[in-house]
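Asker: This is a predicted model, with the sequence first.
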Amino acid sequence: MHDFVAHDISGIVVQAQAARFVAATDPAHAVLALERIEKAGLSALAAMDRTVRMLHGPEAAATEPLPDVSQLHLLVENFTVAGATEAHLDLPHPVTERLSREAGSVAYRIVVEGLTNIRRHAPDASRATVAFTPTATTVEIRITNDRGAGPSARRAPRSGGLGLPALTEHAQALGGTLAAGPHGDGGWQLTAVLPAAPPKEKSP
């Protein structure tokens, strides 16, 4: 729940700040920001509802599948609309077929966490890239952002088993890896490698 709710709440904060600055001079843009705040709030509530149902037993948890890589295009599009950072997604079609359901869900959560951290720690970054690269036995995920116009952001360590530490454990449980650190001139990069099924052979 932390991954999805934190992403939605970060978007709400960005939109509320934007609405506050333009409310007096551009009411139309303020109304659009309020609509996005409503959408993000409903999404956060839905994530909390899913968690409550999961706590009530496996029958309730099985009624609604978790998001996977097939929903990343909408996630990245909404991220770009909600802030100053323009995000680009490179998701080759074979990736969707080669990741298991569990690995696809973890991949989606990794992208959510990466974009949420950009929103929190580098809100003035001009560009972010989410790139999936398939190899013979794995899929590599790289989430990269530039430094932006402001000073380089300091990444606060996480505690309590949330965020990146929890996702690192999930990736390792699948037989993969996850790491994050500085990239380029003041930017940041999150890299994950998840196991994948071998590519399908083309029919002659």
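Answerer: All right, it came through fine. Just so it is clear, the model here is predicted, and its values are computed rather than measured. Residues are numbered from 1 along each chain as shown.
Asker: which stretches of this protein have low pLDDT?
Answerer: Low-confidence segments of the chain, defined by pLDDT under 70: 1-4, 7, 51, 56-65, 149-162, 201-204.
Asker: ranges for the strands of it?
Answerer: Ranges of strands within the chain are 86-90, 127-134, 138-145, 177-183, 187-195, based on DSSP state E.
Asker: which stretch among those comes nearest L34?
Answerer: Nearest of the strands of the chain to L34, taken as C-beta to C-beta: strand 86-90 at 22.2 Å. C-beta here means a position set from N, CA and C on the backbone, and glycine is covered the same way.
Asker: Could you dump the strands of the chain into a markdown table and include mean neighbour count?
Answerer: Formatted as a markdown table, the strands of the chain follow (neighbours: other C-beta atoms under 10 Å):
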| stretch | mean neighbour count |
| --- | --- |
| strand 86-90 | 15 |
| strand 127-134 | 18 |
| strand 138-145 | 22 |
| strand 177-183 | 15 |
| strand 187-195 | 21 |
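Asker: Ok, which of these comes nearest E97?
Answerer: Nearest of those to E97, taken as C-beta to C-beta: strand 127-134 at 9.7 Å.
Asker: Can you check what angle separates the closest one from strand 187-195?
Answerer: Interaxial angle of strand 127-134 relative to strand 187-195 (axes from the mean of the first three to the mean of the last three C-alpha atoms, to 10 degrees): 20 degrees.
Asker: quick revisit: could the strands of the chain be laid out in a markdown table, adding distance to H170?
Answerer: Compiled in a markdown table, the strands of the chain are given as follows (distance: least, C-beta to C-beta, whole Å):
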| stretch | distance to H170 |
| --- | --- |
| strand 86-90 | 21 |
| strand 127-134 | 17 |
| strand 138-145 | 13 |
| strand 177-183 | 8 |
| strand 187-195 | 10 |
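Asker: Looking at the ones you listed, spot the one closest to T168.
Answerer: For T168, the closest of the strands of the chain is strand 177-183, at 4.4 Å, according to C-beta to C-beta.
Asker: and the closest one, what does it pack onto?
Answerer: Strand 177-183 sits against helix 164-173, strand 187-195, with contacts defined as 3 or more C-beta pairs under 8 Å, 6 or more residues apart in numbering; DSSP states H and E.
Asker: That one pairs with which strands, parallel or anti?
Answerer: Strand 177-183 has the following sheet partners, assigned by DSSP bridges: strand 187-195 (antiparallel).
Asker: angle of the partner strand against strand 138-145?
Answerer: Strand 187-195 and strand 138-145 are oriented at 170 degrees to each other (the same axes, to 10 degrees).
Asker: Fine by me, thanks again.
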